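Participant: Provided below are the primary sequence and the corresponding predicted coordinates.
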Amino acid sequence: MFNVKVKSDVLKGVIDVVSPLVNEAKFNITSKGISLRAVDPAHVAMVDLQVKDKAFEEYKANEMELGIDMDKLASIMRLSGSGDIITLEYDEDTNRLIIKIGNLIRKMGLIDTAGMPDPKMPNLNLPAKVVLKASELNQGVRASEAVSDHLALTVDKDNFELYAEGDTDTVNLKLPKDLLLELNTTTKCKSLFSIDYFSNMIKPVKGEDPITIMLGNDNPIRVEFNIADNKGHVTYLLAPRIESE
Amino acid sequence: MGVDLGDLFKKEKISFKDLHDRVIAIDAYNVLHQFLSTIRQRDGTPLKDANGRITSHLSGLLYRTANLVEARIKPVYVFDGKPHPLKAKTLEERLKRRELAEKEWKEALEAGDLVKARVKAQQTSRVTDEIIQQSKELLDALGIPYIQAPGEGEAQASYMVKKGDAYAVGSQDYDCLLVGSPVLIRNLTSSERRKLPGKQAYVKVNPELIRLKPNLKTLGITHKQLIDMAILIGTDFNDGIKGIGPKKSLTLIKKNGNVENVLATIGVENPPTLEEIKEIRKIFLQPKVTNNYSLRWNPPDKEKVLHILCDQHQFTQERVETVLEKFSNIDNIIKQKTLF
């Protein structure tokens, strides 16, 4: 059984987190909430999502899996306004998700979850930790998008730094420790990342909300933040780019 | 070639964009054969260099690979190893058909029937050892990995998909599904134009994707039963039963469970022996494959490519250089690490 009511914005937030990485997603449902872990087809990025039952207006569910076509769900959710409360109900007989937006009833066919992978979270040793406001990071990434397809992130004991270099232009964002919510590292760490992926990962976080970043040297980055009024948590992993072989 | 199961399977239309960043294990023999039969002049003569050597495969390989890399698809070509002894008969028949087509091509040319000449010429296509060797050299120069399979190429390619090293097998041949490839992609071309076999007609085609598991579920059979169906229809390793096509075979296998039971119910002349059935199942279920390969893409060695194509085979340098520009994307492919 899966029968819930949820704010449109909370559901849209979930879509924003998942759909940049995968078109088809397997949501694991329990009586305590929903979760998902997925890797993009190129094995470059991973998302781990947990949303507690408290994030929903009403939540009634038993253990089950829902295979969802994310593009389809996104286009359905575009029919809803930001204050709407959406009803989601699983119809076992037809294997469809019944989505009610006001008086609109939309029945969506589900995807077979058999054979969809359950990726394991790789063990990573990332010595540097930074917590900063989404708006600060967003500004740096937006600026970088215009000059290059990749950026470098550096953390040392005093600063967090973002650097992007194109053929003619560069972007540099340096945030000293006192402008950060937290900075913690034993060594200097630097890794490069694809801006495409990275910008999608931080997009769901808005304004003053904190983003936690864990960084190593030429190692994947771990990005964490809360969604759904802190009743949901997102962890992203993104594999680095390397400058040359 | 292979078993024609096409009508039974549900195909999903896809575009190159859906394959972005994915590794596709391409059945090299299949694709080379395709190049050799389609890349020809109007009268059916293949492309040739100044010394009269065929170059259709080199042209096809260069353009096809360039288009894939440009679309950020990671191709790896898988070459056939030793054919299974049971395939000898099929290979012999192919040889005979080619010899006949060769004769008919010449006759059509003499009679001035260009349409027939081209059709017959296409049927003479043969992937020779020399063509394979030249193709491998070109792939090396282009920085594209290839793998030498111990047995059938499609079996090795399917194994790589099952292992997670590749996303799909790229082949026109449905046999990949018999060897258990979870995903098969057909029409892996961006030209969106494909010749109808035996005719001088072209149809617009899109890449299409076929998933094994959901299709088996829809058909209501197991993977093993799919193989049994193929044995009834006829594979590269055995002649089929006369009068049994895909649909009839499906009905029979669903009703009787397996080949042995079907053969016991319907009397046929010269049925495959139990040993043969066992052996063919083994070819598809436990094919000879290797783990001895590495998947690495490199930027093309421009000088080497120009040397092979222009110095040795008289391709136009300017054209080759333009195609090589499409490989600039390989940089993104190489530099981006993966999580596992």
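Facilitator: Here it is on my side, so go on.

Participant: and the nearest residue to residue A:157 once chain neighbours are set aside, how many neighbours does it have?
Facilitator: The shortest distance from residue A:157 to any non-neighbouring residue, by CB to CB, 6 or more residues apart in numbering or on different chains, is to residue A:185 (6.0 Å). Where you see a C-beta, it was placed from the backbone N, CA and C, and this is true even at glycine. Using other CB atoms under 10 Å in any protein chain shown, residue A:185 has 19 neighbouring residues.

Participant: least trustworthy helix or strand in chain B by mean pLDDT?
Facilitator: The weakest-scoring helix or strand in chain B, judged by mean pLDDT, DSSP states H and E, is strand B:194-195 (a mean of 58).

Participant: Enumerate the residues of the stretch 1-150 of chain B near chain A.
Facilitator: B:20-22 (CB under 8 Å from any CB of the partner chain).

Participant: Mind doing that once more with 6 Å?
Facilitator: The interface of the stretch 1-150 of chain B toward chain A, taken as CB under 6 Å from any CB of the partner chain, is made up of B:21-22.

Participant: can you give me the helices for chain A?
Facilitator: A:8-18, A:70-77, A:134-145, A:195-202 (DSSP state H).

Participant: Quick one: residues in contact with the longest one.
Facilitator: Meaning helix A:134-145. A:151, A:162, A:164, A:171, A:173, A:195, A:199, A:202, A:205-207, A:209, A:211 (CB atoms under 6 Å, 6 or more residues apart in numbering or on different chains).

Participant: Can you flag the buried ones in those residues?
Facilitator: Buried residues within these, defined by neighbour count using 16 or more other CB atoms under 10 Å in any protein chain shown: A:151, A:162, A:164, A:171, A:173, A:195, A:199, A:202, A:205, A:211.

Participant: so what's residue A:222 bridging to?
Facilitator: Beta-bridge partners of residue A:222, counted by DSSP bridges, are residue A:214, residue A:237.

Participant: so it touches residue A:215, yeah?
Facilitator: No - judged on CB atoms under 6 Å, residue A:222 makes no contact with residue A:215 at a distance of 8.0 Å.

Participant: Give me the more crowded residue out of the two.
Facilitator: Between residue A:222 and residue A:215, counted using other CB under 10 Å, residue A:215 has the larger neighbour count: 24 against 20.

Participant: Now do the same contact list for the more buried one.
Facilitator: A:126, A:128, A:153, A:155, A:189, A:191, A:221.

Participant: Now tabulate those residues in TSV and tack on distance to residue B:31 and pLDDT.
Facilitator: Listed next are these as TSV, based on distance: CB to CB, whole Å; pLDDT from 0 to 100:
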residue	distance to residue B:31	pLDDT
A:126	43	96
A:128	47	97
A:153	41	98
A:155	47	97
A:189	44	97
A:191	38	97
A:221	38	98
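
Participant: of all the buried ones among the contacts of helix A:134-145, which comes closest to residue B:61?
Facilitator: residue A:195 (33.1 Å; CB to CB).

Participant: could you measure that closest one against chain B, distance?
Facilitator: In this view, residue A:195 and chain B are 12 Å apart by CB to the nearest CB, to the nearest Å.

Participant: if I pick that residue, what's in contact with it?
Facilitator: Residue A:195 neighbours (CB under 6 Å, 6+ apart): A:144-145, A:149-151.

Participant: Just the buried residues of those.
Facilitator: A:144-145, A:150-151.

Participant: Can you tell me which of these is closest to chain B?
Facilitator: Proximity to chain B was ranked across those by CB to the nearest CB; first place goes to residue A:150, at 7.9 Å.

Participant: Could I get the phi/psi values of the closest residue in space to residue A:239 that isn't next to it in sequence?
Facilitator: Excluding the flanking residues, the one nearest residue A:239 by CB to CB, 6+ apart is residue B:337, at 4.3 Å. Backbone dihedrals for residue B:337, given as degrees, to the nearest 10, come out at phi -80, psi 160.

Participant: Next, count neighbours for residue B:337.
Facilitator: 18.

Participant: That one and residue B:24: what is the separation?
Facilitator: 20 Å (CB to CB, to the nearest Å).

Participant: Apart from its neighbours in sequence, what residue is nearest the residue in chain A that chain B sits nearest to?
Facilitator: Chain B sits closest to residue A:42 of chain A, with a gap of 3.2 Å, by CB to the nearest CB. Leaving aside its sequence neighbours, residue A:42 sits nearest to residue B:21 (CB to CB, 6+ apart; 3.2 Å).

Participant: any weak-confidence spans in the chain?
Facilitator: In the absence of a named chain, chain A is used. A:115, A:244-245 (pLDDT under 70).

Participant: meant chain B, my bad for not saying
Facilitator: In chain B, residues with pLDDT under 70: B:1-3, B:190-204.

Participant: And it, what are its domain boundaries?
Facilitator: B:1-219, B:220-288 (automatic domain parsing).

Participant: would a markdown table of those with mean neighbour count be doable?
Facilitator: A markdown table is the format used below for the domains of chain B (neighbours: other CB atoms under 10 Å in any protein chain shown):
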| stretch | mean neighbour count |
| --- | --- |
| domain B:1-219 | 19 |
| domain B:220-288 | 17 |
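
Participant: among the ones you listed, which is nearest residue B:322?
Facilitator: domain B:1-219 (9.4 Å).

Participant: My read is that residue A:99 contacts residue A:107, right?
Facilitator: No - counting by CB under 6 Å, residue A:99 does not reach residue A:107; the two are 7.5 Å apart.

Participant: Compare neighbour counts for the two and give me the winner.
Facilitator: residue A:99 (20 against 12).

Participant: Would you mind listing the buried residues in stretch A:119-126?
Facilitator: Within stretch A:119-126, the residues scored as buried using 16+ other CB under 10 Å are residue A:126.

Participant: that older thread, just the ones of the contacts of residue A:215 in strands?
Facilitator: Judged by DSSP state E, those include A:128, A:153, A:155, A:189, A:191, A:221 as members of strands.

Participant: centre of the chain versus the helix or strand encompassing residue B:31, how much separation?
Facilitator: Assessed by DSSP states H and E, residue B:31 sits inside helix B:28-38. From the chain centre to the centre of helix B:28-38 is a distance of 7 Å (CA atoms, centre = their mean, to the nearest Å).

Participant: Equivalent analysis for stretch A:5-23, please.
Facilitator: 9 Å.

Participant: Send over that stretch as CSV, restricted to the C-alpha atoms.
Facilitator: C-alpha atoms of stretch A:5-23 as CSV (Å, rounded to 0.1, in the frame of the first residue of the first chain):
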residue,chain,number,x,y,z
LYS,A,5,-0.7,13.5,0.6
VAL,A,6,2.2,15.8,-0.1
LYS,A,7,2.9,19.4,-0.8
SER,A,8,3.6,20.1,-4.4
ASP,A,9,6.9,21.8,-3.6
VAL,A,10,8.2,18.8,-1.6
LEU,A,11,7.5,16.5,-4.5
LYS,A,12,9.0,18.9,-7.0
GLY,A,13,12.0,19.1,-4.8
VAL,A,14,12.4,15.3,-4.9
ILE,A,15,12.1,15.4,-8.7
ASP,A,16,14.8,18.1,-9.0
VAL,A,17,17.2,16.0,-6.9
VAL,A,18,16.7,12.7,-8.8
SER,A,19,15.9,13.6,-12.5
PRO,A,20,19.2,15.1,-13.4
LEU,A,21,20.8,11.7,-12.9
VAL,A,22,18.3,9.1,-14.0
ASN,A,23,15.3,8.9,-16.2
